[in-house]
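Engineer: my questions concern the predicted model and sequence given below.
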Amino acid sequence: MVRVSPRSRVAGWPAAVPVVLVFLVALAALALTALGACAPTGPGPEGGGGPAPATDLPVTRLTPLGEDDGYLGEGEGVSPFTEDLPLLTRMDPELLKAVRAAATEARTAGVDVVVTSGWRSERYQQFLLDAAVTVYADEEEAARWVATPQASSHVSGEAVDIGRTDAADWMGRYGAAHGLCQTYANEMWHFELAVEPGGTCPAPRADASAG
């Protein structure tokens, strides 16, 4: 039997802070961009550097969003077996079932799967899109990493982001056995139900702007 630990979280900021702080952080991000600072980085397909998941954008360190929006906080992740979080409970039931089945299999291989993002409210998705525009200082570049609320598969509950490089890599290799496929080439952490269990995943689209 697989033992599932309770929520595993990295300490983060409170769920609600004054909006003015968000504005100040946004200004700071703009200033860094103007100075030529690099965009935030995270694990790439080979475990190296690359742009981080949308939920790791610096602007999200201070946010008025809460768990009811599907928000966890920068750097946090939870077990996919957690029962009481909207980011999991409002996901498509078949997607959640597949993620849990894959996580159980991964655990036998010594890989711990955590979910860093699942279902998101429309205002959370809009917040991430606004943050991306601020950080990248370019709407087209932001659109490569964060979809609009109307187009986002997170808002519809049909996408999940897998945390830790080894877990995302494992999911990319073996997730198709459960119907899970990496759907964007530039986001090794983003998975959706794209095939029947055991099927062959289609080639991922270039990025979120590809539709």
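Structural biologist: Perfect, I can see it now. Numbers count the residues shown, from 1 in each chain.
Engineer: tell me where this protein has strands.
Structural biologist: 114-117, 160-163, 180-182, 190-193 (DSSP state E).
Engineer: what's the closest of these to Pro202?
Structural biologist: Closest to Pro202 of those is strand 180-182 (C-beta to C-beta; 6.9 Å). Using the backbone N, CA and C atoms, a C-beta is placed for each residue, glycine as well.
Engineer: direction included, what does the closest one pair up with?
Structural biologist: strand 190-193 (antiparallel) (DSSP bridges).
Engineer: in the strand it pairs with, what's buried?
Structural biologist: Of all the residues in strand 190-193, those buried under the rule 16 or more other C-beta atoms under 10 Å are 190-193.
Engineer: so which pair among those is furthest apart in space?
Structural biologist: Farthest pair in those, by C-beta to C-beta: His190 and Leu193, 12.4 Å.
Engineer: Thr108: neighbour count?
Structural biologist: 8 (other C-beta atoms under 10 Å).
Engineer: again, but for the one 4 residues further on
Structural biologist: Neighbouring residues of Asp112 were enumerated by other C-beta under 10 Å; the total is 16.
Engineer: what of Ala137?
Structural biologist: 15.
Engineer: what of Arg205?
Structural biologist: 15.
Engineer: before we move on, what about Ala167?
Structural biologist: When neighbours are counted by other C-beta under 10 Å, Ala167 comes out with 21.
Engineer: confirm for me that it is in contact with Asp112.
Structural biologist: Yes - using C-beta atoms under 8 Å, Ala167 makes contact with Asp112 at a distance of 6.5 Å.
Engineer: spit out the residues that contact these two alike.
Structural biologist: Ala106 (C-beta atoms under 8 Å, 6 or more residues apart in numbering).
Engineer: who does Gln182 bridge with?
Structural biologist: With DSSP bridges as the rule, Gln182 is bridged to Phe191.
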